[in-house]
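> Next one to model:
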Amino acid sequence: MAISLGVHVGQQNMPMSEMRALWRKLDAAGVDWISAWDHFYEAPPRGGTQPHFEALATLGALAAETEHARIGCLVFYVGYRNPALLAKAATTLDHISGGRFELGIGAGWHIWEASAYGYAFPDIGTRLDMLDEAADVIRRLLTEERTTYSGRHFQVDDASCLPRPVQERLPIWIGGLGERRTLEIAARRADGWNAAYVSADEWRRLNGVLDHWCEEDERDPAEIRRGANLAFGMAMDEAALRTERGRMEEEWGAASERILGGTLLCTPGQAVDGMMRYVEAGAQEINVALRAPWDPEALDFYLEDVMPAVRREAG
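This is a model prediction of the structure:
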């Protein structure tokens, strides 16, 4: 399958009318994938001081506003919604979009918003157990006529999920970087794995860990699509690039070193080489993540020049 190039749009710090116009622009430009993220507060965290829209409602609008790109969420935190509800929502979104929806799930990280909204945010081991159960429940509901499941965290009783999705197999993505649990769960449960904001070398190493878990679970590694999210930091000249770097360092604070390692932080002439490092490491899907504000001229250059060049080089 050819390289997939997408855009991960954070639904914060812009009016819904502007975001809908952006989705239409991206769809017309030929991006392969458009996604939202699952937060109640802004990311990186600022104590709920910035405007931010909820993910499921946002995805309904995204599905209706686009015609070509696959759409999804990278990723829903399984502690915010019962997995049976997510299965039902995924089916609904698949019908709204005409069979273009893909469901991403993960173990979450934004403890500040969870606490503010009254959600329990247990330890990471418990959240990963929840992720494992949720992936099982969702897949069964999407494929079985009736599903009964009694787990430690989630239960369903003789449940149906009708109508079926438009797609014969609606893809489930698992996102995360954890080597011992997240990637093992992905090897057993996922149709795709996505790692966000890590360097190409680190992405390559984690990709190898996923292959190892596939071998342990006797699963063909080729059955799992491999994706990378890169923060979008392109700027049109070196002076603007220094400004962008400073802004990101201030936004991310202590986490900035890791985030910047997984950022398309470059001038246009460097972008193709930067993205091809991920392709050469095994990435089949690369999404640039937009957090308003960004350089609109740089985004236009990315859509009109960088994407076609990457597709040519990737074959």
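
> hey, let's count contacts and neighbours off CA atoms from now on
Will do.

> Specify the local secondary structure of the residue nearest to the spatial centre of the chain.
For the chain, Leu74 is the residue whose C-alpha lies nearest the centre (C-alpha atoms, centre = their mean; 2.3 Å). State at Leu74, reduced to three classes by DSSP: H, G, I helix; E, B strand; the rest coil: strand.

> where does it land on pLDDT?
On pLDDT, Leu74 comes in at 95.

> Would you confirm that it contacts Gly108?
No. Using C-alpha atoms under 8 Å, Leu74 is not in contact with Gly108, being 10.6 Å away.

> could you point out the longest helix in the protein?
Under DSSP state H, the helix in the chain containing the largest number of residues is helix 124-143.

> Need the CA coordinates for that one. PDB is fine.
C-alpha atoms of helix 124-143 as PDB (Å, rounded to 0.1, in the frame of the first residue of the first chain):
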ATOM      1  CA  ILE A 124      -1.000   3.100  34.200                       C
ATOM      2  CA  GLY A 125      -1.200  -0.600  34.700                       C
ATOM      3  CA  THR A 126      -5.000  -0.400  35.300                       C
ATOM      4  CA  ARG A 127      -5.500   1.900  32.400                       C
ATOM      5  CA  LEU A 128      -3.700  -0.600  30.100                       C
ATOM      6  CA  ASP A 129      -5.900  -3.400  31.400                       C
ATOM      7  CA  MET A 130      -8.800  -1.200  30.500                       C
ATOM      8  CA  LEU A 131      -7.400  -0.700  27.000                       C
ATOM      9  CA  ASP A 132      -7.000  -4.400  26.500                       C
ATOM     10  CA  GLU A 133     -10.600  -5.100  27.600                       C
ATOM     11  CA  ALA A 134     -12.000  -2.200  25.600                       C
ATOM     12  CA  ALA A 135     -10.300  -3.400  22.300                       C
ATOM     13  CA  ASP A 136     -11.800  -6.800  22.800                       C
ATOM     14  CA  VAL A 137     -15.300  -5.500  23.600                       C
ATOM     15  CA  ILE A 138     -15.300  -3.100  20.600                       C
ATOM     16  CA  ARG A 139     -14.100  -5.700  18.100                       C
ATOM     17  CA  ARG A 140     -16.600  -8.200  19.200                       C
ATOM     18  CA  LEU A 141     -19.500  -5.700  19.100                       C
ATOM     19  CA  LEU A 142     -18.500  -4.700  15.600                       C
ATOM     20  CA  THR A 143     -18.400  -8.300  14.300                       C
END
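
> Now the following helix or strand past that helix: average pLDDT?
On the C-terminal side of helix 124-143, the closest following helix or strand by DSSP states H and E is strand 147-150. Strand 147-150 carries an average pLDDT of 98.

> Buried residues, the following helix or strand past strand 147-150. List them.
The helix or strand immediately downstream of strand 147-150 is strand 155-159, counting by DSSP H and E. For strand 155-159, burial by neighbour count (16 or more other C-alpha atoms under 10 Å) applies to Gln155, Val156.

> strand partners of strand 155-159, parallel vs antiparallel please.
The strands beside strand 155-159 in its sheet (DSSP bridges) come out as strand 147-150 (antiparallel).

> Kindly export the strand it pairs with (C-alpha atoms) in CSV.
C-alpha atoms of strand 147-150 as CSV (Å, rounded to 0.1, in the frame of the first residue of the first chain):
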residue,chain,number,x,y,z
THR,A,147,-22.0,-9.9,22.6
THR,A,148,-21.8,-10.8,26.2
TYR,A,149,-18.6,-9.8,28.0
SER,A,150,-17.8,-9.8,31.7
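
> Run through who's touching that strand.
Residues from elsewhere that reach strand 147-150 (C-alpha atoms under 8 Å, 6 or more residues apart in numbering): Val137, Arg140, Leu141, Gln155, Val156, Asp157, Asp158, Ala159, Ser160.

> Pick the one among those residues closest to Ala63.
Nearest to Ala63, judged by C-alpha to C-alpha, of the contacts of strand 147-150 is Leu141 at 21.6 Å.

> Could you pull out the buried residues of stretch 295-309?
Of the residues in stretch 295-309, Ala298, Leu299, Tyr302, Leu303, Val306, Met307, Ala309 count as buried by neighbour count, 16+ other C-alpha under 10 Å.

> go on, stretch 236-246?
By 16+ other C-alpha under 10 Å, the buried positions in stretch 236-246 come out as Met236, Ala240, Leu241, Glu244, Arg245.

> so can I have CSV of those residues showing pLDDT?
Output for these, formatted as CSV (pLDDT from 0 to 100):
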residue, pLDDT
Met236, 96
Ala240, 95
Leu241, 95
Glu244, 95
Arg245, 95
